[in-house]
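Visitor: Got a predicted structure here, sequence first:
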Amino acid sequence: MTKTASFLTAGILACLLIAGLLSPFASSQPDGLEKAVAEMGIEESDDTAGPAAPLPDYSVPGIEREGLSTGLAGAIGVAATFALAYGLARLGRRRSPRSAEAS
Amino acid sequence: MHIPDGLLSGPLNLGLGVASTAAVGLALWRGRGEQAEEQVPLIGMTAAFIFAAQMINFPVAAGTSGHFMGAALAAILLGPLRAVLIMAVVLIIQCFVFQDGGLTALGANIFNMGIVGGFLSYGVYRALAAILPKTRKARLAAAGLAAWVSVVGASACCAVEIGLSGRAPMTTALIAMSGVHALIGIGEGLITATVLGTVAASRPDLIPDEASKADEEPAELVGAGAKSP
């Protein structure tokens, strides 16, 4: 495997582990913004603009077990984020790549 | 959680949306034909990591949690414009797929976390790296501090926006936001330095040699890397 391929594999695995297995254990306390907004006495509405999201609030609709739902949502998110970022970056790549690959 | 719909005023959301669209457009335009082949997977992976890490809220004080932001990590690895692009990708996925962050507030979120977070951390990092010894430890400390600044800075921007939207007095908002984000920023600094340290240990060629860069060109993948202490 080239250096890049093995680095990539390790990195993606790490992301999937974090988002897929670690995420159900994340704190569910309100985050900094939510807390500050509450402190300021601002009432937040639940209305959201735009189309309904497929995996609202990091859950997969239809999956009962919360841990599995969150983990799966996380894994999907990692894949989607990687794909979009990679795709956009690839659009701008140099036509004649510099070779910095060591095997 | 990011800024939801309905928190900021319509005109402010619109203005920040325009600014963020321009910045992302610039990032794409500047990257045109510039991206080294080997940077493409790194861009993808940085974005994926930031997404994953943002899911892991950690407790910072009684009843409050924080999460990683990631702009500093992206900016130090890949330059501030690519950081804007990467943060925008993360925020777009979060908004459209997970309903995390309001659609009307997407511009504000990209502005605060991508543009302000990215450029602020890059500026602080470059300034510190220029005056500190050229050791890995010093660079990682600089990165950690730059990351802390980026979180507090982004939250201050948000506070200003809340004030400008007339939802609360600006001073109140600044105190409320900066206080908790000064704590969250510690987590950001630690995570950023740890991740960069891990990358530097295994792939030092991915860490830009900032000593040779004097302007705002996106950092290239130069071979030098940080020297070990």
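Guide: Received the coordinates, thanks.

Visitor: which stretches of chain A aren't confidently modelled?
Guide: Along chain A, segments meeting pLDDT under 70 span A:46, A:93-103.

Visitor: Now residue B:186: closest residue in space, sequence neighbours ignored.
Guide: Excluding its sequence neighbours, the residue lying closest to residue B:186 (CB to CB, 6 or more residues apart in numbering or on different chains) is residue B:148, at 6.6 Å. Quick note: C-beta positions are derived from backbone N, CA and C, even for glycine.

Visitor: What is the strand or helix carrying that neighbour packed up against?
Guide: Taking DSSP states H and E as the definition, residue B:148 sits inside helix B:136-164. Judged by 3 or more CB pairs under 8 Å, 6 or more residues apart in numbering or on different chains; DSSP states H and E, the packing partners of helix B:136-164 are helix A:32-39, helix B:10-31, helix B:71-78, helix B:117-131, helix B:170-202.

Visitor: ok, 6 Å please
Guide: When contacts are defined as 3 or more CB pairs under 6 Å, 6 or more residues apart in numbering or on different chains; DSSP states H and E, helix B:136-164 packs onto helix B:71-78, helix B:117-131, helix B:170-202.

Visitor: Put together a markdown table for these, with mean pLDDT and mean neighbour count on each row.
Guide: Listed next are the helices and strands packed on helix B:136-164 as a markdown table, based on pLDDT from 0 to 100; neighbours: other CB atoms under 10 Å in any protein chain shown:
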| stretch | mean pLDDT | mean neighbour count |
| --- | --- | --- |
| helix B:71-78 | 97 | 30 |
| helix B:117-131 | 97 | 21 |
| helix B:170-202 | 95 | 20 |
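
Visitor: Identify the residues contacting the most centrally placed residue in chain B.
Guide: With distances taken as CA atoms, centre = their mean, residue B:71 lies nearest the centre of chain B, 1.3 Å away. Residues near residue B:71 by CB atoms under 6 Å, 6 or more residues apart in numbering or on different chains: B:83, B:87, B:113, B:117, B:118, B:121, B:150.

Visitor: For chain A, see how far away it is.
Guide: Note on residue B:71: its distance to chain A, by CB to the nearest CB, to the nearest Å, is 14 Å.

Visitor: Give me the nearest residue to that residue, chain neighbours excluded.
Guide: For residue B:71, ignoring the flanking residues on the chain, the nearest one in space by CB to CB, 6+ apart is residue B:117 at 3.1 Å.

Visitor: looking at it, the one you found is touching residue B:150, isn't it?
Guide: Yes: Residue B:117 lies in contact with residue B:150 (CB atoms under 6 Å); the separation is 4.4 Å.

Visitor: How about the contacts made by residue B:189?
Guide: Neighbouring residues of residue B:189 by CB under 6 Å, 6+ apart: B:144, B:147, B:148.

Visitor: May I see those arranged in a markdown table, with neighbour count and pLDDT as well?
Guide: Putting these into a markdown table (neighbours: other CB atoms under 10 Å in any protein chain shown; pLDDT from 0 to 100) gives the following:
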| residue | neighbour count | pLDDT |
| --- | --- | --- |
| B:144 | 24 | 98 |
| B:147 | 33 | 98 |
| B:148 | 23 | 98 |
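
Visitor: hmm, back to that, quickly name whichever of the contacts of residue B:71 is closest to chain A.
Guide: Distances from chain A to those, taken as CB to the nearest CB, are shortest for residue B:87 (10.2 Å).

Visitor: Verify the stated contact: residue B:165 with residue B:8.
Guide: Yes: using CB under 6 Å, residue B:165 is in contact with residue B:8, at 4.6 Å.

Visitor: Pick out whichever of those two has more residues nearby.
Guide: Neighbour totals were compared for residue B:165 and residue B:8, and residue B:8 leads with 25 against 19 (other CB atoms under 10 Å in any protein chain shown).

Visitor: so the more buried one touches residue B:160, yeah?
Guide: No: look at residue B:8 against residue B:160 with CB under 6 Å: they stay out of range, at 10.5 Å.

Visitor: just the helices in chain A please.
Guide: A:3-17, A:32-39, A:66-91 (DSSP state H).

Visitor: hang on, the earlier thing: buried residues, the helix holding residue B:148. List them.
Guide: Going by neighbour count (16 or more other CB atoms under 10 Å in any protein chain shown), the buried part of helix B:136-164 is B:136, B:138-163.

Visitor: want to try TSV for the helices of chain A, with distance to residue B:200 as columns?
Guide: Supplementary listing: these in TSV, determined by distance: least, CB to CB, whole Å:
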stretch	distance to residue B:200
helix A:3-17	13
helix A:32-39	29
helix A:66-91	22
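
Visitor: got a list of what residue B:191 touches?
Guide: residue B:68.

Visitor: any idea how far chain A is from it?
Guide: Distance, residue B:191 to chain A, using CB to the nearest CB: 11 Å.

Visitor: how many neighbours does the residue lying closest to residue B:19 once chain neighbours are set aside have?
Guide: Nearest residue to residue B:19 in three dimensions, chain neighbours excluded: residue B:111, at 5.8 Å (CB to CB, 6+ apart). If you count neighbours by other CB under 10 Å, residue B:111 ends up with 28.

Visitor: Would you verify that residue B:111 is located in a strand?
Guide: No: counting by DSSP: H, G, I helix; E, B strand; the rest coil, residue B:111 is not found in a strand; it is helix.
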